[in-house]
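Undergrad: what's the 3D shape of this:
(chains A and B)
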Amino acid sequence: MNIVVCIKQVPDTKGGVKFNPDGTLDRASMLAIMNPDDKAGLEAALRLKDETGAKVTVVTMGLPKADDMLREALAMGADEAVLITDRRLGGADTWATSSTIAAGLKKLDYDLIITGRQAIDGDTAQVGPQIAEHLGLPVISYAEAIKVEGDSVIVQRQYEDRYHELKAKMPCLVTALAELNEPRYMTPGGIFDAFDKEVTVWGRDDLTDLDDANIGLAGSPTKIAKASDKVRKGAGEKVALDPKESVEYIVSKLKEKHVI
Amino acid sequence: MDFTLDKKHEMARQLFREFALNEVKPVAQEIDETEQFPRENVEKMMKYGFMGIPIPKEYGGQGCDVLTYVMCVEELSKVCGTTGVIVSAHTSLCCDPILTYGTEEQKQKFLVPLASGKKLGAFALTEPGAGTDAQGAQCKATEDGDSWVLNGSKCFITNGKEADIYIVFAVTDIVEDAKGRKSKKFSAFIVEKDTPGFTFGTKEKKMGIRASSTYELIFQDCRIPKDNILGPRGKGFGIAMHTLDGGRIGIAAQALGIGEGSIDATIDFVKERKQFGRPIAAFQNTAFQLADMKARMDAAKYLVYNAACTKDLYQQDHKTSYSIEAAEAKLFAAEAAMAVTTKAVQLHGGYGYTREYDVERMMRDAKITEIYEGTSEVQRLVISGAMLK
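TA: Numbers count the residues shown, from 1 in each chain, chains lettered A, B, ... in the order given. The predicted structure is shown next:
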């Protein structure tokens, strides 16, 4: 069985957040970690490897320094690592990211793709399901538990105060929650071996099934209006109007804030 | 001379740091109070390969280097001196001599389970009448058919009752020189726990590293297979001394970690503690003392890392000597740790004297590093001996 795990190197938001002038994250200057949901996905893949002898490949789209995170994944027990990196891919929103990663995945053999539910920087939870759409695969998200049975996966999907149990035939994609498991530590020997391995690096030109219109900042439909560190909530605005004017006022405010 | 660590060593340090903070630190105070051997954490360390870091993969180890092993002991010791010495004694004093002197059969039978984290090791040289004067040892081993029979006792043995495999030193011959002067010849033996005739005596009640299992070992007509002799007969003393050379690098790393840990704890405290309307960190006396503490532990760090890297050269060429580097590292790091932890308690004021804060335990833990695996006096003998040859 071939398992591909998509992982993302994210800023450790515990250390504060920094922005570029265009509103995108200044990743290079922040302390970087493997996204927690993704790490749980990797651990799930490694447990399946322990049980079934599956091959685990990790893939990431990121800065060259994402190589460090790939080494960490190899040191935990992943077999191969792929880094998709290119200046032209930078500033991507979820659409551009998922288009790019899907193009990369098309070059790999997979029975099961695991991604994290969401990244602690973007917090959109869109990329995993979007990748499934690009690849025409069934997707089960919010996995609390993953089991493989023959040619299918059985997933416990988190749902408010209960869970759903879903079955999908492979190939398919599952998005993992950090609560899925307790990821293993690396081993010292694993670390040494990880740095002896070769990481496959793909630039934009190595991804053939990909349109320039769908990559990077230019290919991102999402436009960032404003980005800032957490702002303290103000006291709020108090208005005294009659009911009809109040409704009009509230609706205009909701439109202004893009809620509707 | 590049003093920066490469990526893989940095990542290894991160691993040890994370493990120490998540698994070891939360129980450090408790195990010190209860004197209970941290078996659960030792089993976790066994699972993740921390108990065979510098041992080659072909013998069940991780295939890393001495520097990586030293960083492991250092990071563990920053939060718990006991946990650091458990790894150090097992690796340097039990795994290493079998790797260096063992036959292929002995390596497969004993080193593989030790390095792969299935068994715990210990080293038994010290006796009531033989500390620094190791030659004063009286434990005897006599040949009898296809066995060696051990009689005697050992004391102050780290990992004492918890270990599975012990390196035991015993007198095998008494030789006379031309002038009729007698001297003892020692040999090294591998002894497994639960061998009939091998029992445990007193558990030591210690000032520090209280959760470390420190026991008396008793041998009464204890029979071990002939093949369990480690290295050549009569060469035991040399084996012990060579093994201790490596062991003192591990203890130097333990001392380094303890000292560094006390500085980390003190920085947190002095930023919080307010007197005279401001954090005491604002007073130059406090700040300058911290500067001195850091400079001293950083100096110790480079001596320790240098000793580790020199031993790594020896592991490759089996020639490079590292005795002096190891002795300097241990001498300096141990005395630095004692001084720095004492200052750390002082900077905590009255609170530093209570068990609610970690520094009093760190100070109690630091003391032993000046004593075991060669007292500071012995290190001075080694260093000056080489200088004045």
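Undergrad: Tell me which stretches of chain A form helices.
TA: A:36-52, A:66-76, A:94-105, A:127-135, A:188-194, A:243-256 (DSSP state H).
Undergrad: tell me what the first one is packed against?
TA: The helices and strands touching helix A:36-52, judged by 3 or more CB pairs under 8 Å, 6 or more residues apart in numbering or on different chains; DSSP states H and E, are strand A:2-6, strand A:55-61, helix A:66-76, strand A:112-116, strand A:139-149, strand A:172-176. Every C-beta, even on glycine, is put in place using the N, C-alpha and C of the backbone.
Undergrad: what does that helix contact?
TA: Defining contact as CB atoms under 8 Å, 6 or more residues apart in numbering or on different chains, one finds that helix A:36-52 is touched by A:1, A:3, A:5-8, A:34, A:54-56, A:58, A:73, A:76-79, A:112, A:114-120, A:143, A:146, A:148, A:174-184.
Undergrad: Just the buried ones from these?
TA: Members of the contacts of helix A:36-52 that pass the buried threshold by neighbour count (16 or more other CB atoms under 10 Å in any protein chain shown) are listed as A:1, A:3, A:5-8, A:34, A:54-56, A:58, A:73, A:76-79, A:112, A:114-120, A:143, A:146, A:148, A:174-178, A:180-181, A:183-184.
Undergrad: Which ones among these also lie next to chain B?
TA: The overlap between the buried ones among the contacts of helix A:36-52 and the neighbours of chain B (CB under 8 Å from any CB of the partner chain) comes to residue A:184.
Undergrad: For chain B, what lies in contact range of chain A?
TA: Checking chain B against chain A by CB under 8 Å from any CB, the hits are B:7-8, B:11-12, B:15, B:18-19, B:48-50, B:53, B:57, B:61-64, B:68, B:72.
Undergrad: List buried residues within these.
TA: Burial by neighbour count, judged by 16+ other CB under 10 Å, picks out B:8, B:11-12, B:15, B:19, B:48-50, B:53, B:61-64, B:68, B:72 from those.
Undergrad: now, which of the residues you listed lie within helices?
TA: Among these, DSSP H puts B:8, B:11-12, B:15, B:19, B:68, B:72 in helices.
Undergrad: now the strands for chain B?
TA: B:121-124, B:140-144, B:147-158, B:165-176, B:182-192, B:198-203, B:214-225, B:229-230, B:274-275, B:278-279 (DSSP state E).
Undergrad: could I have the third one exported to CSV, CA atoms only?
TA: Output in CSV follows, covering the C-alpha atoms of strand B:147-158 (Å, rounded to 0.1, in the frame of the first residue of the first chain):
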residue,chain,number,x,y,z
SER,B,147,32.8,-21.7,35.1
TRP,B,148,34.2,-18.7,36.9
VAL,B,149,33.1,-18.5,40.6
LEU,B,150,32.7,-15.0,42.0
ASN,B,151,33.0,-14.1,45.7
GLY,B,152,32.9,-10.7,47.2
SER,B,153,30.8,-7.5,47.2
LYS,B,154,30.6,-4.2,45.4
CYS,B,155,29.0,-1.0,46.6
PHE,B,156,27.6,2.3,45.3
ILE,B,157,26.6,0.6,42.0
THR,B,158,24.5,2.9,39.8
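Undergrad: Quick one: list the elements packing against that strand.
TA: Helices and strands touching strand B:147-158, as assessed by 3+ CB pairs under 8 Å, 6+ apart, comprise strand B:121-124, strand B:140-144, strand B:165-176, strand B:182-192, strand B:198-203, strand B:214-225.
Undergrad: Out of those, which one sits most buried?
TA: strand B:121-124 (a mean of 28; mean count of other CB atoms under 10 Å in any protein chain shown).
Undergrad: now for that strand, which elements pack on it?
TA: strand B:147-158, strand B:165-176.
Undergrad: So what touches that strand?
TA: Applying CB under 8 Å, 6+ apart, the set of residues contacting strand B:121-124 from outside is B:89-91, B:93-95, B:97, B:114, B:154, B:157-160, B:163-169, B:191, B:217, B:243, B:247.
Undergrad: strand partners of it, parallel vs antiparallel please.
TA: Using DSSP bridges, the neighbouring strands of strand B:121-124 in the sheet come out as strand B:165-176 (parallel).
Undergrad: neighbours around the residue nearest to residue A:181 when sequence neighbours are not counted, how many?
TA: Distances taken as CB to CB, 6 or more residues apart in numbering or on different chains place residue A:43 nearest to residue A:181, at 4.9 Å, with adjacent residues excluded. When neighbours are counted by other CB atoms under 10 Å in any protein chain shown, residue A:43 registers 21.
Undergrad: How much space separates residue A:43 from residue B:15?
TA: According to CB to CB, to the nearest Å, residue A:43 stands 15 Å off from residue B:15.
Undergrad: Excluding residues flanking it in the chain, which one is nearest whichever residue of the stretch 1-150 of chain B sits closest to chain A?
TA: Sorted by distance to chain A under CB to the nearest CB, the residues of the stretch 1-150 of chain B start with residue B:62, at 3.3 Å. With sequence-adjacent residues excluded and distances taken as CB to CB, 6+ apart, residue B:62 is closest to residue A:189, at 3.3 Å.
Undergrad: which residues does the one you found contact?
TA: Counting by CB under 8 Å, 6+ apart, the residues that residue A:189 touches are B:49, B:57, B:61-64.
Undergrad: With that, I have no additional questions.
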